[in-house]
Every structure is written in structure tokens, then in C-alpha cells.
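*Asks:* Okay, here's the prediction I keep looking at, along with the sequence it came from:
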Amino acid sequence: MTAPRPWQSEADRLGHADPSDPTGWFERLWSSARSGDVTTPWDRDDPHPALASWTGAPAPGLATGTAVVVGCGLGADAEHLARLGYDTTGFDVSPAAIAAARERRAGSPVTYVVGNLLDLPHEWAGAFDLVVEIYTVQAVSRSVRDDMTAGVRSLVAPGGTLLVVQAATGTADEDGPPWPLTRAEIEAFGQDGLSAVSIEELAGPGSPGRPGTWRAELRRA
């Protein structure tokens, strides 16, 4: 039996395969993982460290309100928010990813649904008290970055909070995926009534001076 190929290499190939369909490669990647051709993408059960440290360690079940995780994949971040008490939705553009999340999280209180950030349901506009976007915008070509960012913003309810976590870069010419965000691209989330509470660059892995990770908290009035 042939061993599955590393999913990262497949993502690098697929991310450039069809510029006319900038989000379609996610389904191709997840379908390849479901069939055993590649390893499982973004395979983790713990929340992203930037999310975990931001939420701190409150007593489980005490958070209130609605939350949504953009590009939820296998659901580690969505499950974390649900444990805190949020009525949580996780969505992903890939039906294969959502099927894998539902299988892995059988019995979960999280609502896992297929959703496209470039074509969101009307009822999701301003529907969520907490919106968490981790590494989705950076995974899609800069040709649709403005539309992706606008889609994320549209989910935030009045008085709601947006947490954005993205790879950081000082320039805009990296050959992705991913395509890391500049400071200006992170600041661009602060439109349509959203304003930045904090924008910080967390330390990168390995040697000092390497690009790190943006973590931005924004709030709608």
C-alpha cells in the first residue's frame, strides 16, 4: 500500500491550480485526505495557541452568546468555544472537511455546516457575538482578499467581537499558499463599524526575527 502524501505539499500544488476558483482547492485537498491519498490536513484536537491564550482559562460553560469559527476544518477551535459555553457554529467551504468534523466530533453541541466566505447565507449577517478567523484568509489568493475580509466582518453582531489570527509578513510578495498578511491587511478588518481593540505580532517559531503571527481583536459598536 502506498503511503499517503504529505498534505502540505498537496496544498502548495492545489493552491495555484485554478485561479478562477480560489477556494475550490480546499475540497480537493480534503477529498484526497478522505480517500487516503494525502495525510489529514490541519489535524489537531487542541485550540490554536493564539485563541487559547486569548480566551484564558475561564470556567467551562460560563460564556454566553453565539460564536462562529470561519474555516473550521476538524473543529478544534469550535469545540473549545463550545466548552466555554458559546452557542457555536463551525463552517468550512469543503463538504469533505465538514463530514470529517462531524465524524470526529460525534455528539458535539457545535453546529457544523458547509459555508463559503465569498457567498454567505443572508441570515448570518451580523449574527454572531464572537467571530474567530484563524488562517483562512491567508490560505486564499490575494485576488479575493478584500472580499474574504469583508465576509469575515459581515458576521459580527452589533457589540460583537472579532478575533483574527494570521501569519505575519512585512511584504506582499510571498508565493503561497499561504499568503501571509501585512500590517495594512490586518488593519483592513477594521471597517464597516469594526475598530481595533488590539493588534499584536506574536513571536514566530525558531530564531528571533522570523515573521510571527498576527492576533487582532476588533469590536463592533
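*Replies:* Nice, I can see it. Small disclaimer: the values here were computed from a predicted structure and weren't measured.

*Asks:* Apart from its chain neighbours, what residue comes closest to the residue nearest to the spatial centre of the chain?
*Replies:* Closest residue to the average C-alpha location of the chain: residue 134 at 3.3 Å, with Cα atoms, centre = their mean. Of all residues not flanking residue 134 in the chain, residue 165 sits nearest, at 4.3 Å (Cβ to Cβ, 6 or more residues apart in numbering). In short, each C-beta sits where N, CA and C put it, glycine included.

*Asks:* What count of nearby residues applies to the one you found?
*Replies:* For residue 165, the neighbour count with other Cβ atoms under 10 Å is 21.

*Asks:* ok, residue 103 - how many residues close by?
*Replies:* Residue 103: 10 neighbours (other Cβ under 10 Å).

*Asks:* What does it show for phi and psi?
*Replies:* phi -70, psi -50 (degrees, to the nearest 10).

*Asks:* can you tell me how far it sits from residue 96?
*Replies:* Applying Cβ to Cβ, to the nearest Å, the value for residue 103 to residue 96 is 11 Å.

*Asks:* Residues in contact with both of these two, list them for me.
*Replies:* Counting by Cβ atoms under 8 Å, 6 or more residues apart in numbering, no residue touches both residue 103 and residue 96.

*Asks:* if we can go back for a sec, tell me the predicted confidence for the residue nearest to the centre of the chain.
*Replies:* The model reports residue 134 with a pLDDT of 97.

*Asks:* how much space between it and residue 37?
*Replies:* Counting by Cβ to Cβ, the gap from residue 134 to residue 37 is 26 Å.

*Asks:* before we move on, what about residue 30?
*Replies:* Applying Cβ to Cβ, the value for residue 30 to residue 37 is 11 Å.

*Asks:* counting contacts, what elements does whatever helix or strand residue 33 lives in pack onto?
*Replies:* Using DSSP states H and E, residue 33 falls within helix 25-34. With contacts defined as 3 or more Cβ pairs under 8 Å, 6 or more residues apart in numbering; DSSP states H and E, helix 25-34 has these neighbours: helix 7-14, helix 95-104.

*Asks:* Report the buried residues of the very next helix or strand once past it.
*Replies:* Using DSSP H and E, the helix or strand that directly follows helix 25-34 along the chain is helix 49-55. Of the residues in helix 49-55, 50-51, 55 count as buried by neighbour count, 16 or more other Cβ atoms under 10 Å.

*Asks:* cool, stretch 9-29 as well?
*Replies:* Using 16+ other Cβ under 10 Å as the test for burial, stretch 9-29 gives 10-11, 14-15, 22-23, 25-29.

*Asks:* Put the alpha carbons of stretch 35-54 into CSV.
*Replies:* Only the C-alpha atoms of stretch 35-54 are listed here, as CSV (Å, rounded to 0.1, in the frame of the first residue of the first chain):
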residue,chain,number,x,y,z
SER,A,35,-9.7,8.8,0.3
GLY,A,36,-6.3,8.3,2.0
ASP,A,37,-4.2,9.8,-0.8
VAL,A,38,-2.8,12.5,1.5
THR,A,39,-2.4,12.9,5.2
THR,A,40,-5.2,14.7,7.2
PRO,A,41,-4.9,18.5,6.8
TRP,A,42,-4.6,20.7,9.9
ASP,A,43,-5.0,17.6,12.1
ARG,A,44,-5.2,18.9,15.8
ASP,A,45,-7.6,18.4,18.7
ASP,A,46,-6.3,21.4,20.8
PRO,A,47,-7.3,25.0,20.0
HIS,A,48,-4.8,27.2,18.3
PRO,A,49,-2.5,28.6,21.0
ALA,A,50,-3.3,32.2,20.0
LEU,A,51,-7.0,31.5,20.6
ALA,A,52,-6.4,29.5,23.8
SER,A,53,-4.3,32.3,25.4
TRP,A,54,-6.7,35.0,24.3
